[in-house]
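Colleague: Quick one, structure for this:
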Amino acid sequence: MKKYIWFIIAIVILVLALIAFVGLYFSKSSDYAILTNNYDFLSVQYNSLILDYNALLTTYLELSVQYTELQSKYYELVEEYKTLNLEYNKSLDISADLTTELYSAKEELTNYKYEIQTSLDWFKENANLESKSLRSKLDSKCFSSTFSSCKIKAACLDLINEQFMGLKYKDDTTLGKTDKFISISEFLQNKGGDCEDFSLLYKAEINYLLTGCAAKDLTIETFVSGSGNYFIDNSNLWYYADAKKYTLKSGYIYPNIVCGVLKDPNRANTFGGHCVVAFSKEKISSIDDLEKIDLAEMVEPQTGQYIGQIVYGLSTFKTEYYFDGGYVPEDVSYIKQVITDDDYYIYLSGWKSYKYMYDKFIALENDINFILSGAK
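Modeller: This next block holds a predicted model:
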């Protein structure tokens, strides 16, 4: 009986152990299934991460290449910056030097402008006749007027200048001066001067007489070589022998001084540097107006004799001298300078004038001011 009980106990223990084993088996099987699922999930995650890692690695490698390129460009830019900075600093020094030079140039321009303006004012001032004594003599002997007309005897001006004012031809070198224009007052004080000084006075005398002919028909009378006597003044006391009257073309009344290679009465009418007075039909106020001097009538201011006309040449103006009722071209003769009441023109590979240069200086000064304003 006792053996049977232990057998039963052993069987019970065996059954209980079997039950425990089965329970443990199913428990572990469940854990294994969970682990297997987790493993599969993690495997998927791992493969996804591997793909992401490879993609990131590719991107990293591409970025590394770009970084290397950018780094290279950066160093190039750094070097360019250093070079530019060096050039900039140099340019600052140059700019400072240029600014100094521009201010200096501006000061020189101001001085040139002043000199030109002074010259322009000088010509304007000496276009007028201020001597009351000279005016009175011109009015009484060289000028006649009616209600509708007036006449100027151009040769009479030389009579007044030489016989009544005592003016003689004097080369500037005899006066101890360089060859240049002198003012009318200085000319009268010196009792003479050279051709340009006679021309300046003659033009001022004509300008004065023209003021008495406003709105009237004007005749300017001079003379040419001929038979008989030409009476110079209104009193008919003075005359040129072997001469006859010549009247300038109608409307040619505006006096201008012209200088160049012309016949000089002080050198036996040989060609050389000389100035005379040319009467144009219109006033000359600019370089473009110089064409109006074409066909201007030329008068020798030291005698009052008509000598010919100006004609437009290929480059500058040429002259045709009056002879026996016609005109003779002179190839060696030409006009290089023109002096009006308010400007001085000169031919230098093209016509230039004081006003022209003054306007150029103004434009250049404006350019300099613009540059300097940007440099501040």
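
Colleague: Mind listing the residues bridging to Q305?
Modeller: Beta-bridge pairing for Q305 (DSSP bridges): F223, E300.

Colleague: which residues does it contact?
Modeller: A155, T222, F223, V224, A243, V299 (CB atoms under 8 Å, 6 or more residues apart in numbering). All C-beta spots, glycine's among them, are computed from the backbone N, C-alpha and C.

Colleague: any idea which of these is closest to Y306?
Modeller: T222 (4.3 Å; CB to CB).

Colleague: Now do the SS call for L314.
Modeller: coil (DSSP: H, G, I helix; E, B strand; the rest coil).

Colleague: so how many other residues sit close to it?
Modeller: By the criterion of other CB atoms under 10 Å, L314 has 5 neighbours.

Colleague: For it, give its distance to V44.
Modeller: Per CB to CB, to the nearest Å, L314 is found 103 Å from V44.

Colleague: same for the one helix or strand E320 maps to, what does it pack against?
Modeller: Per DSSP states H and E, E320 falls inside strand 317-323. Applying 3 or more CB pairs under 8 Å, 6 or more residues apart in numbering; DSSP states H and E, one finds that strand 317-323 contacts strand 254-264, strand 305-312, strand 326-339.

Colleague: Does I293 touch F279 like I think?
Modeller: No - I293 lies out of contact with F279 (CB atoms under 8 Å); the separation is 9.6 Å.

Colleague: Quickly list what's touching both of these two.
Modeller: Taking CB under 8 Å, 6+ apart as the contact rule, I293 and F279 both touch N256.

Colleague: re earlier: and which of the contacts of Q305 is nearest to L63?
Modeller: Closest approach between these and L63, by CB to CB: V299, at 95.9 Å.

Colleague: Check the gap between the closest one and K170 for me.
Modeller: Counting by CB to CB - V299 and K170 are separated by 21 Å.

Colleague: Just want to know which of the two has more residues nearby.
Modeller: Comparing V299 with K170 by other CB under 10 Å, the one with more neighbours is V299, at 29 against 16.

Colleague: Would you mind giving me the confidence score for that one?
Modeller: Per-residue pLDDT puts V299 at 97.

Colleague: Likewise for E186?
Modeller: On the pLDDT scale, E186 gets 93.

Colleague: Confirm that it sits in a helix.
Modeller: Yes - counting by three-state DSSP, E186 is part of a helix.

Colleague: Now E125: closest residue in space, sequence neighbours ignored.
Modeller: Nearest residue to E125, sequence neighbours excluded (CB to CB, 6 or more residues apart in numbering): S183, at 7.6 Å.

Colleague: For N234, see how far away that neighbour is.
Modeller: Going from S183 to N234 by CB to CB gives 29 Å.

Colleague: Mind putting the helices and strands packed on strand 317-323 into CSV with distance to L348?
Modeller: As requested, the helices and strands packed on strand 317-323 are exported to CSV (distance: least, CB to CB, whole Å):
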stretch, distance to L348
strand 254-264, 13
strand 305-312, 18
strand 326-339, 9
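
Colleague: Tell me how far stretch 277-286 lies from the chain's centre.
Modeller: 25 Å (CA atoms, centre = their mean, to the nearest Å).

Colleague: Just the terminal-to-terminal distance for it.
Modeller: Using CA to CA, to the nearest Å, one end of stretch 277-286 lies 18 Å from the other.

Colleague: Next up, the contacts around S144.
Modeller: Residues near S144 by CB under 8 Å, 6+ apart: C150, K151, N234.

Colleague: Quick check on the residues you listed: which are buried?
Modeller: C150, K151 (16 or more other CB atoms under 10 Å).

Colleague: For L70, state which of the contacts of S144 is nearest.
Modeller: C150 (93.6 Å).

Colleague: Checking my notes, that closest one in a helix, right?
Modeller: No - counting by three-state DSSP, C150 is not part of a helix but strand.

Colleague: roughly how far apart are the residue nearest to it when sequence neighbours are not counted and Y75?
Modeller: Closest residue to C150 apart from its sequence neighbours, by CB to CB, 6+ apart: C213 at 4.2 Å. Per CB to CB, C213 is found 88 Å from Y75.

Colleague: between those two, who's got more neighbours?
Modeller: For C213 versus Y75, neighbours defined as other CB under 10 Å are more numerous around C213 (18 against 10).

Colleague: how far away is the residue nearest to E125 from D197?
Modeller: From S183 over to D197 the distance is 9 Å, taken as CB to CB.
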